[in-house]
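J.: Fold the following.
(2 chains)
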Amino acid sequence: MKRTKIVNLLQSKTPIDHVLIKGWVRTRRDSKSFSFIEVNDGSCLKNIQIISDNTLENYKNITSLSTGSAVSVSGKLAESQGSGQKWELIAETVEILSVAPETYPLQKKRHTDEFLRTIAHLRPRTNKYGATFRIRSELSYAIHKFFRDKGFKYIHSPVITGSDCEGAGEMFRVTTLALDNLPFKDGKTDFAEDFFGKEVNLTVSGQLSAEMFALALGDVYTFGPTFRAEDSHTSRHVAEFWMVEPEMAFCDLKGNMNLAEEMIKFLTGFVLEECKEDIELFAKYVDKKLIKTLDNVATSDFKRLPYTSAVEILKKSGKKFEYDIEFGKDLQTEHERYLTEQHFKKPLIVYDYPTTIKPFYMRLNDDHQTVAAMDVLVPRIGEIIGGSQREERLEVLENRMDEMDLPKENYWWYLDSRRFGSVEHSGFGLGFERLLMLITGISNIRDVIPFPRTPSSIEF
RNA sequence: UCCCCAGUAGCUCAGUUGGCAGAGCAGAUGGCUGUUAACCAUCUUGUCCGCGGUUCGAGUCCGUGCUGGGGAGCCA
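T.: Here you go, the predicted structure:
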């Protein structure tokens, strides 16, 4: 007989004479003549309650089933006589697939997130992490659905890159050279002998690839792993994370902001609708205000504010900040949080940032003081999206590169896109894990990614 | 990289002025019960993070290292 997933079984409208389920024991409660076994198979948050009567031939073994053990149970789905659940499974056979000894680290109680990080290989077996990674899966699907419904094409941007013009942070070196015996030439490592014949890194952004494809396919997006070798020790940074990067031809900054807002609203609404049960767990145990926050994100219009106005508001706020704010200085975390959490109390898009604090590829505004950049800031997380309209004018782009002392010859293919049929285009990067933090209320990014990579931590 | 906090039983944590190492949970055993992280009784469990120092005596004080966490910067 084919096994039925518990998620489907619990949705049954009628009793079923004969079903088979397989899963892991969460807890067992013995009664006089039978034993209650709670079994979870990961298909949903809820367990199925198994009634195993003491007339079963292996009943003695059944009563020694410990948390974490694996079982295969066949029997009859019947309405429960107890009050905690609609259905229960009256067992005809309980096959013990594997017994977890008492050294099994997960107990029938709450563990701290810090402890569960040390057993990241087992934590998806808990309610909270099971729910987290089911939501992560649904959210990934929702991203593809959102873009596909809008006619965007999915681009697989490379993970290994020889491009040194991504410029979004410190990079991880990729090499096949023997590190204990490096070839030298003129006192420097001779990368001509390396696999690709030049210095190569893991990607920090798929943007430049996405731009090339937007200028061919129109609307595109990337969704893949991204690597930053920053020595960051915060609850919002990991060395390997997933980023969503749409890029649109014939689109200006306003269209870019529209897409960002529409996307966050869609994704939030999607999860609220499709992952109700799992979201309720977070609303109950992780963040009591979660539903209110998510409704606010999904329904209220995002405030749009030019950088200069943001600076004015901060100056007039009368609030004492650790860092002073004035035109030309980047907004600090404390400034961003004040604006989104206290002043506007909703998501906020700050745009038109000073030229001096933004990268070369952002489009120069007519005031020559600012570029067409935009950041989406949300309560609790801060920056969740960073994007811009790209500089499509070859001459302006080259001037900016000169100002910033960037070697143009290395960017020949990027500049080609501005030589041949250049058009206005825009895009942004969304931190997938940060969105998950927003949606689940989980406060540490290490807890929304299966096996987090942070400085000096890569056990799994 | 900088600032702050923590590290004691399998887990969560208490440990007073420097004076015999503790509780709850988990586990084991027995009991009770259509139970809901069941309940009741009994029992087991220690490199007090490592190294060095002060002291008659250090879980406790000092130095140092490691690990974890929070914040800053950088960013997504």
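J.: count of neighbours near the residue of chain A found nearest RNA strand B?
T.: Nearest residue of chain A to RNA strand B: residue A:82, at 2.1 Å (CB to the nearest atom of the strand). For glycine as for every other residue, the C-beta is placed from the backbone atoms N, C-alpha and C. Using other CB atoms under 10 Å, residue A:82 has 9 other residues around it.
J.: Now do the contacts for it.
T.: Residues near residue A:82 by CB atoms under 8 Å, 6 or more residues apart in numbering: A:49, A:88.
J.: ok, it to residue A:59 distance?
T.: Relative to residue A:59, residue A:82 is positioned 20 Å away (CB to CB, to the nearest Å).
J.: and if you look at residue A:104?
T.: From residue A:104 across to residue A:59, the span is 22 Å (CB to CB).
J.: ditto for residue A:40
T.: Residue A:40 sits 22 Å away from residue A:59, going by CB to CB.
J.: which residues in the stretch 201-350 of chain A form helices?
T.: Per DSSP state H, counting those that start in this stretch, the stretch 201-350 of chain A carries helices over the ranges A:207-217, A:253-274, A:276-285, A:290-299, A:307-316, A:333-337.
J.: on contacts alone, who are the packing partners of the third one?
T.: Contacting helix A:276-285 under the criterion 3 or more CB pairs under 8 Å, 6 or more residues apart in numbering; DSSP states H and E are the following elements: helix A:127-149, helix A:290-299, helix A:432-440.
J.: any idea which of these is most buried?
T.: Burial of the helices and strands packed on helix A:276-285 is given as mean neighbour count (mean count of other CB atoms under 10 Å); helix A:432-440 ranks first at a mean of 24.
J.: That helix near RNA strand B anywhere?
T.: Yes - judged by CB under 7 Å from any atom of the strand, helix A:432-440 and RNA strand B are in contact via A:433, A:434.
J.: Between helix A:290-299 and that helix, find me the angle.
T.: Angle of helix A:432-440 versus helix A:290-299, following axes from the mean of the first three to the mean of the last three CA atoms, to 10 degrees, is 120 degrees.
J.: Helix A:432-440: how far from the chain's middle?
T.: How far helix A:432-440 lies from its chain's middle: 6 Å, per CA atoms, centre = their mean, to the nearest Å.
J.: Would you mind writing the CA trace of that helix as CSV?
T.: The C-alpha trace of helix A:432-440 is given here as CSV (Å, rounded to 0.1, in the frame of the first residue of the first chain):
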residue,chain,number,x,y,z
PHE,A,432,15.7,36.2,0.5
GLU,A,433,16.6,35.3,4.1
ARG,A,434,15.7,38.8,5.3
LEU,A,435,12.3,38.5,3.7
LEU,A,436,11.9,35.2,5.5
MET,A,437,12.8,36.9,8.8
LEU,A,438,10.2,39.6,8.1
ILE,A,439,7.5,37.0,7.3
THR,A,440,8.3,34.5,10.2
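J.: which helices and strands does that helix pack with?
T.: The helices and strands touching helix A:432-440, judged by 3+ CB pairs under 8 Å, 6+ apart, are helix A:127-149, strand A:240-249, helix A:253-274, helix A:276-285, helix A:290-299, strand A:382-389.
J.: Check which residues of the fourth one are buried.
T.: Which is helix A:276-285. By 16 or more other CB atoms under 10 Å, the buried positions in helix A:276-285 come out as A:278, A:279, A:281, A:282, A:283.
J.: Any buried residues in stretch A:446-460, and which?
T.: Residues A:446, A:447, A:448, A:449, A:452, A:454 are the ones in stretch A:446-460 that count as buried (16+ other CB under 10 Å).
J.: Averaged pLDDT, that stretch. What do you get?
T.: Taken as a whole, stretch A:446-460 has a mean pLDDT of 90.
J.: re the thing from before, of the helices and strands packed on helix A:276-285, which approaches residue A:181 most closely?
T.: Between residue A:181 and the helices and strands packed on helix A:276-285, the shortest gap by CB to CB is with helix A:432-440, which sits at 37.9 Å.
J.: where do the helices sit along the stretch 51-200 of chain A?
T.: Counting by DSSP H, counting those that start in this stretch, the stretch 51-200 of chain A has helices at residues A:59-62, A:113-118, A:127-149.
J.: Same list (those) but as JSON lines, adding distance to residue A:337 and mean pLDDT.
T.: As requested, those are exported to JSON lines (distance: least, CB to CB, whole Å; pLDDT from 0 to 100):
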{"stretch": "helix A:59-62", "distance to residue A:337": "53", "mean pLDDT": "88"}
{"stretch": "helix A:113-118", "distance to residue A:337": "22", "mean pLDDT": "90"}
{"stretch": "helix A:127-149", "distance to residue A:337": "24", "mean pLDDT": "96"}
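J.: So residue A:433 sits against residue A:239, correct?
T.: No - under the criterion of CB atoms under 8 Å, residue A:433 makes no contact with residue A:239, lying 11.8 Å away.
J.: Next one: the residue lying farthest from the centre of chain A from residue A:276, what distance?
T.: For chain A, the largest distance from the centre (CA atoms, centre = their mean) belongs to residue A:55, which lies 48.9 Å off. Noted for residue A:55: a distance of 39 Å to residue A:276, by CB to CB.
J.: Ok, residue A:71 next?
T.: 28 Å.
J.: cool, residue A:305 as well?
T.: Relative to residue A:276, residue A:305 is positioned 33 Å away (CB to CB).
J.: In chain A, where is pLDDT below threshold?
T.: Where chain A drops to pLDDT under 70, the residues are A:164-168.
J.: Could you find the closest non-adjacent residue to residue A:200?
T.: In space, and not counting its chain neighbours, residue A:200 is closest to residue A:174: 4.6 Å by CB to CB, 6 or more residues apart in numbering.
J.: so that neighbour makes contact with residue A:202?
T.: Yes - at 6.0 Å, residue A:174 counts as touching residue A:202 under the criterion of CB under 8 Å.
J.: Can you work out which residues contact both of these two?
T.: residue A:160.
J.: Isn't residue A:39 up against residue A:23?
T.: Yes - with contacts counted by CB under 8 Å, residue A:39 reaches residue A:23, the gap being 4.3 Å.
J.: Report the set of residues contacting both of these two.
T.: Common contacts of residue A:39 and residue A:23 (CB under 8 Å, 6+ apart): A:6, A:48, A:71.
J.: OK, contacts around the first one?
T.: Meaning residue A:6. Taking CB under 8 Å, 6+ apart, we find residue A:6 in contact with A:21, A:23, A:39, A:40, A:41, A:43, A:44, A:46, A:47, A:48.
J.: Give the closest residue to the last one in space, chain neighbours not counted.
T.: Closest residue to residue A:48 apart from its sequence neighbours, by CB to CB, 6+ apart: residue A:6 at 4.9 Å.
J.: quick one: buried residues of the strand ranked longest in chain A?
T.: For chain A, the longest strand by residue count, based on DSSP state E, is strand A:16-30. By neighbour count with 16+ other CB under 10 Å, strand A:16-30 contains the buried residues A:19, A:20, A:21, A:22, A:23, A:24, A:25, A:26, A:28.
J.: Please consider this matter closed, and thank you.
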